[in-house]
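Q: Give me a 3D structure for the following:
(3 chains)
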Amino acid sequence: MWFQHTLTLPPKRRGFHLVTREIVDAVPEFAQVRVGLLHVWIQHTSASLTVNENASPDVRRDFERYFDHAVPDGWPEFEHTLEGRDDMPAHIKASVLGPSLTLPVSAGRLALGTWQGIYLCEHRDRASARRLVLTLQGD
Amino acid sequence: MWFQHTLTLPPKRRGFHLVTREIVDAVPEFAQVRVGLLHVWIQHTSASLTVNENASPDVRRDFERYFDHAVPDGWPEFEHTLEGRDDMPAHIKASVLGPSLTLPVSAGRLALGTWQGIYLCEHRDRASARRLVLTLQGD
Amino acid sequence: MWFQHTLTLPPKRRGFHLVTREIVDAVPEFAQVRVGLLHVWIQHTSASLTVNENASPDVRRDFERYFDHAVPDGWPEFEHTLEGRDDMPAHIKASVLGPSLTLPVSAGRLALGTWQGIYLCEHRDRASARRLVLTLQGD
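A: Residues are numbered from 1 along each chain as shown, chains lettered A, B, ... in the order given. As a prediction, this is how the structure comes out:
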């Protein structure tokens, strides 16, 4: 069984945002899948996806502090500066965190750990809406 | 064909550990799969999975040295410090390395390169057992 | 439906290289897949795969500048130095960027965003040919 949907998330401020609920709600066929996988793809190169702690907002703020420190805006070595001081750092962060997730599905639901949630990682100051492709497959 | 198992790895010391054998042994159905994929998911946010050099223990020690330097314990900018100096760095490392692997399967076995092995990356000082979900699919 | 191919890319200079076309051309069965996934695996531990901006060569040069700065050749803390000053940094970069991609397929083609391209990330000064395993599945 294969199901595919697109999901457009409205523009979010720069930072890390929990979007588990939005993603699960966009796939009505979960209940049909006993064993399977959900693949989530972001069709952009300056935002990314990861899974991390779903409870404390301070964890998500620390993600932003750390990555802004590790890949600084306006780093003087960057050559690709035409689209702004935050553009090239956004590309780098997007590849470090990655453009996709593949998540296990068991008994009709995501088999995440208790503390795991899906983050949309928005790396631009002025973000646009972000388009995801969700592909559910299974038995 | 779909097969799904859980595998609980006993607590390991902080660092990078080869677990290819444990993972392969937990999936008895490999021989039935001519072409397929094995998906490995860790249900935690302070440990992660990667694939790297399977021969030299010094490579795994250098992974630990490098990541401990890149994401220092007790970094003064971190706000989420309640669970210890190693907690927030563990969350960051877990997302940089990632919570899952998808591995090719050919002719009944993992189609890894000669030097590739699966690492469990334990980022906490006092780790608990780590639970994995293994999903094998194929033809 | 499952299809699996190997693709050997000739040696490339150290840096980030667009290889979307080579990968698509190595999988003749795309047109048969209405909904599916393409999995790409690199069988090496000192080169990696990512997806990022497919238009400006300066973005790819900035990737190299940034990662060479973040994981410096000959970092004095490295113990595994036998295979050269660029060897251990290559292993680290390979795990940060990752050994695989899983890409959505819709209506017989990769469902990438307009600006997304596949990069082969070559982390060694003297690279050999790089072998990929391409697994296409779908409906």
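Q: ok, A:Thr45 to B:Ala70 distance?
A: Distance of A:Thr45 to B:Ala70, given as CB to CB, to the nearest Å: 23 Å. Heads up, the C-betas are built off the backbone N, CA and C, glycines and all.
Q: what about the two, which has more around it?
A: A:Thr45 (26 against 17; other CB atoms under 10 Å in any protein chain shown).
Q: List the contacts of A:Pro99.
A: A:Trp41, A:Ile42, A:His44, A:Thr45, A:Ser48, A:Leu49, C:Val51, C:Gln116 (CB atoms under 8 Å, 6 or more residues apart in numbering or on different chains).
Q: how about a cut-off of 7 Å?
A: Taking CB atoms under 7 Å, 6 or more residues apart in numbering or on different chains, we find A:Pro99 in contact with A:Trp41, A:Ile42, A:Ser48, A:Leu49, C:Val51.
Q: show me what contacts the residue lying closest to A:Asn54 once chain neighbours are set aside?
A: Using CB to CB, 6 or more residues apart in numbering or on different chains and skipping residues adjacent in sequence, the residue nearest A:Asn54 is A:Gly117, 2.9 Å away. Counting by CB under 7 Å, 6+ apart, A:Gly117 touches A:Leu18, A:Thr20, A:Val51, A:Asn54.
Q: Let's see that with 8 Å instead.
A: With CB under 8 Å, 6+ apart, A:Gly117 has these contacts: A:Leu18, A:Thr20, A:Val51, A:Asn52, A:Glu53, A:Asn54.
Q: does the residue of chain A found nearest chain B sit in a helix, a strand or a coil?
A: At 3.1 Å from chain B, A:Gly113 is the closest residue in chain A, using CB to the nearest CB. Classification of A:Gly113 using DSSP: H, G, I helix; E, B strand; the rest coil returns coil.
Q: so it touches B:His44, yeah?
A: Yes - contact criterion CB atoms under 8 Å: A:Gly113 and B:His44 qualify, at 5.6 Å.
Q: out of these two, which sits in the busier spot?
A: A direct count of neighbours by other CB under 10 Å for A:Gly113 and B:His44 places B:His44 higher, at 24 against 17.
Q: Tell me who's in contact with the residue nearest the centre of chain A.
A: By CA atoms, centre = their mean, chain A has its centre lying nearest to A:Leu49, at 2.1 Å. Residues near A:Leu49 by CB under 8 Å, 6+ apart: A:Val40, A:Ile42, A:Leu97, A:Gly98, A:Pro99, A:Ser100, A:Leu101, A:Ile118, A:Tyr119, A:Leu120, A:Cys121.
Q: SS state for the last one?
A: Using three-state DSSP as the criterion, the local structure at A:Cys121 reads strand.
Q: can you tell me which residues contact it?
A: When contacts are counted by CB under 8 Å, 6+ apart, A:Cys121 is found next to A:Phe16, A:His17, A:Ala47, A:Ser48, A:Leu49, A:Thr50, A:Phe63, A:Lys93, A:Ala94, A:Leu97.
Q: again, 10 Å this time
A: By CB atoms under 10 Å, 6 or more residues apart in numbering or on different chains, A:Cys121 lies in contact with A:12, A:14-17, A:42, A:46-50, A:52, A:60, A:63-64, A:67, A:90, A:93-94, A:96-98, A:130, B:95.
Q: cool, the third one as well?
A: When contacts are counted by CB under 10 Å, 6+ apart, A:Leu97 is found next to A:16, A:47-50, A:52, A:63, A:67, A:119, A:121, A:123, B:95-96, B:98, C:96.
Q: Could you rerun that using 6 Å?
A: Counting by CB atoms under 6 Å, 6 or more residues apart in numbering or on different chains, A:Leu97 makes contact with A:Ser48, A:Thr50, A:Cys121.
Q: Give me the spatial nearest neighbour of the second one, chain neighbours excluded.
A: With CB to CB, 6+ apart as the measure, B:Ser95 is the residue that lies nearest to A:Thr50, at 4.3 Å, once sequence neighbours are left out.
Q: correct me, but A:Phe30 touches A:Ala107?
A: No - distance between A:Phe30 and A:Ala107: 9.8 Å, which falls outside the contact criterion (CB atoms under 6 Å).
Q: Pull the contacting residues for the residue in chain A that chain C sits nearest to.
A: Residue nearest to chain C within chain A: A:Gln43 (3.1 Å; CB to the nearest CB). If you count contacts by CB under 6 Å, 6+ apart, A:Gln43 has them with A:Arg131, C:Gly113.
Q: same deal with A:Leu136?
A: A:Phe3, A:Val27, A:Glu29, A:Leu38.
Q: re earlier: out of the contacts of A:Leu49, who's the most crowded?
A: That'd be A:Cys121 among the contacts of A:Leu49, by other CB under 10 Å, with 28 neighbours.
Q: what helix or strand is the residue nearest to A:Thr50 on?
A: helix B:87-97 (DSSP states H and E).
Q: tell me the angle that helix makes with helix C:87-97.
A: Put simply, helix B:87-97 runs at 90 degrees to helix C:87-97, going by axes from the mean of the first three to the mean of the last three CA atoms, to 10 degrees.
Q: so how far is helix B:87-97 off the chain centroid?
A: The chain centroid and the centroid of helix B:87-97 are separated by 12 Å under CA atoms, centre = their mean, to the nearest Å.
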